[in-house]
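**Q** No letters, just coordinates:
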Ligand SMILES: C[S@@+](CC[C@H](N)C(=O)[O-])C[C@H]1O[C@@H](n2cnc3c(N)ncnc32)[C@H](O)[C@@H]1O
């Protein structure tokens, strides 16, 4: 589905004192492609803004990001990257679905934002993105929902980091997130967690989103973290 498709819907996404008015497909479920799933177990989760995505937007809205370089991984429509751009960052929204990137670019343009977007599969990141490292901030929301995601991100995230990069991942307490956090801590990354209550959340994990914050171990910021 293209952003100009008349079936798309508008949604207001609150983020601190900001509200992003974005356009998105009406339903992720309707976009399911059985061939894609058979090929790579790929599902079009990009097409909605998830509760963790909203929490990440709120966290970024509270930060001063003037001229800082920010990359959002698994950004979907890219609301986190958009809030970062609104807070003054040089912001890059990424996802493995070209359609997500298209919606991300369309919405950023519609909001008048100077934000970039490109396709990045965590397992095979393009050299052009790796060449832009280190980023000041690496962010993601609800990206640790499968064990294979943590494995790929344990390699990719250090490759995007410098000694003073901060990594922020909002996570609705997915069971597979635990292994990622434990591996990062074992590899010497500093870690702290904030628990954000989300009123009205209705899935099995309850009304709390974890915000994981990591900073790299001194002089080992680029070392892959093995899960
Ligand atoms: C649950 S959605 C979250 C979307 C958005 N961050 C949010 O919170 O609203 C997970 C996102 O990760 C993306 N994703 C999953 N596996 C990926 C991979 N290997 N490389 C890049 N993106 C991936 C999906 O396409 C999807 O946009």
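**A** Right, received. Where do you want to start? It should be emphasised that the depicted structure is a prediction, and the values quoted were computed from it without experimental measurement. Residues are numbered from 1 along each chain as shown.
**Q** Residue numbers of the protein in contact with the ligand?
**A** 45-46, 49-50, 52-53, 74-76, 95-97, 100, 120-123, 141-143, 145, 149, 152 (Cβ under 6 Å from any ligand atom). Where C-beta positions appear, they are placed from N, C-alpha and C, glycine not excepted.
**Q** Give me the buried subset of those residues.
**A** By neighbour count, with 16 or more other Cβ atoms under 10 Å, those hold 45-46, 49-50, 52-53, 74-76, 95-97, 100, 120, 122, 141-143, 145, 149, 152 as buried.
**Q** ok, now which ones touch the most centrally placed residue in the chain?
**A** Nearest residue to the geometric centre of the chain (Cα atoms, centre = their mean): residue 140, 2.6 Å. With contact set as Cβ atoms under 8 Å, 6 or more residues apart in numbering, residue 140 has these partners: 56, 72, 73, 74, 75, 80, 153, 168, 169, 170.
**Q** Ok, residue 152 next?
**A** Taking Cβ under 8 Å, 6+ apart, one finds 122, 123 in contact with residue 152.
**Q** Going by neighbour count, list what's buried in the helix or strand of the chain with the lowest mean pLDDT.
**A** Ranked by mean pLDDT, DSSP states H and E, the weakest helix or strand in the chain is helix 34-40, scoring a mean of 79. With burial defined by 16+ other Cβ under 10 Å, not one residue of helix 34-40 is counted as buried.
**Q** Also stretch 190-199?
**A** Quick answer for stretch 190-199 (16+ other Cβ under 10 Å): residue 196.
**Q** any idea how far it is from the chain center?
**A** 16 Å (Cα atoms, centre = their mean, to the nearest Å).
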